[in-house]
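>>> fold the stuff below for me.
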Amino acid sequence: MTHANRLLAFDSAGAACSAAVWEAGLVVASRFEAMARGQSERLIPMIEEVMAEAGLDYAELDALAVTLGPGGFTGVRIGLAAARGLALATGRPLLGLTSFEAVAAAVEEARDRDLPLAVVLDAKRAEVYLQVFGPDLEALAPPLSLLPADLPPALPSGPLVVAGDGVARAVAALKRPGLVVAAGAGHAEAARFAALAAARPLPPPGAPPPRPLYLRGPDVTLPRPRRTP
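Numbers count the residues shown, from 1 in each chain. Below is the predicted model of the structure:
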């Protein structure tokens, strides 16, 4: 299996924007900014900044990696559009990671304490997004969109690490002992998930591009029907 030695990773799916260049086992350039909106203006300049700092041309990359969501619809689309455009222009393969995987990659507590990990993301509505991982960060269940009150039966019993930007809502809903809140793992951050992407086999030539992960429908208000005069 072929893996990337030089990789550009970036994220704009959640309430942040980040980009990083991974080379020979190290992050050699990275940027991260928390932002509720504005990813469409910031992502491409951020990518250009890390590429310039790394001293690399796009032709020198082995692959690109991008988060697929869930997250904001606009942010997910921005990231995927940028990734597909760069992949098409450079001919480089494209790897996709979910926002759950990207957050989980930054959590040390689950591995250190040999505990399961619940990544809880804020859906910006009544729901939260959830996926549970084992201490080895292998997914134990498919991702879900659910109300915070429905979290308890969806989680394993006993001690548990929780991470993601929905942690506060999860802790308030769970109200149980044995919860370990991960430090500094609220958002996906390219510098933290680049290694995970680089460890994955490159997709074969002609493979379809990664698809977005939304988990719920778009926030659309349909216009009221016009009254017939």
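>>> low-confidence stretches in the protein?
In the predicted model of the chain, residues 1, 217-229 satisfy pLDDT under 70.
>>> please parse it into its domains.
Per automatic domain parsing, the structural domains of the chain span 6-100+188-198, 107-181.
>>> turn these into CSV, columns for distance to Pro212.
Any C-beta I mention is one placed from the backbone N, CA and C, and that applies to glycine too. CSV is the format used below for these (distance: least, Cβ to Cβ, whole Å):
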stretch, distance to Pro212
domain 6-100+188-198, 5
domain 107-181, 13
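>>> pick the most deeply packed of the ones you listed.
domain 6-100+188-198 (a mean of 21; mean count of other Cβ atoms under 10 Å).
>>> roughly how far out does it sit from the chain middle?
Centroid separation for domain 6-100+188-198 versus its chain: 10 Å, with Cα atoms, centre = their mean, to the nearest Å.
>>> next, the distance between the ends of it.
Across its full length, domain 6-100+188-198 reaches 8 Å end to end, with Cα to Cα, to the nearest Å as the criterion.
>>> which helix of this protein spans the most residues?
When the chain is parsed with DSSP state H, its longest helix is helix 73-90.
>>> mind giving me the packing neighbours of that helix?
Applying 3 or more Cβ pairs under 8 Å, 6 or more residues apart in numbering; DSSP states H and E, one finds that helix 73-90 contacts strand 6-11, helix 39-54, strand 63-67, strand 94-97.
>>> as a markdown table, these with distance to Ala82 would be great.
Formatted as a markdown table, these follow (distance: least, Cβ to Cβ, whole Å):
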| stretch | distance to Ala82 |
| --- | --- |
| strand 6-11 | 7 |
| helix 39-54 | 6 |
| strand 63-67 | 7 |
| strand 94-97 | 11 |
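>>> now do the contacts for the residue most central in space within the chain.
The C-alpha lying nearest the average C-alpha coordinate of the chain belongs to Ser99 (Cα atoms, centre = their mean; 2.3 Å). Ser99 sits next to Asp11, Ala13, Gly14, Thr67, Leu68, Gly69, Pro70, Gly71, Leu121, Tyr129, Ala188, Leu213 when contact means Cβ atoms under 8 Å, 6 or more residues apart in numbering.
>>> quick check: it vs Asp112, distance?
Counting by Cβ to Cβ, to the nearest Å, the separation of Ser99 from Asp112 is 23 Å.
>>> strands of the chain, start to end?
Along the chain, counting by DSSP state E, strands occupy 6-11, 16-23, 26-34, 63-67, 94-97, 117-122, 128-133, 144-146, 160-163, 179-181.
>>> export those strands to JSON lines and tack on distance to Ala195?
Formatted as JSON lines, the strands of the chain follow (distance: least, Cβ to Cβ, whole Å):
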{"stretch": "strand 6-11", "distance to Ala195": "9"}
{"stretch": "strand 16-23", "distance to Ala195": "7"}
{"stretch": "strand 26-34", "distance to Ala195": "8"}
{"stretch": "strand 63-67", "distance to Ala195": "10"}
{"stretch": "strand 94-97", "distance to Ala195": "11"}
{"stretch": "strand 117-122", "distance to Ala195": "17"}
{"stretch": "strand 128-133", "distance to Ala195": "16"}
{"stretch": "strand 144-146", "distance to Ala195": "26"}
{"stretch": "strand 160-163", "distance to Ala195": "17"}
{"stretch": "strand 179-181", "distance to Ala195": "22"}
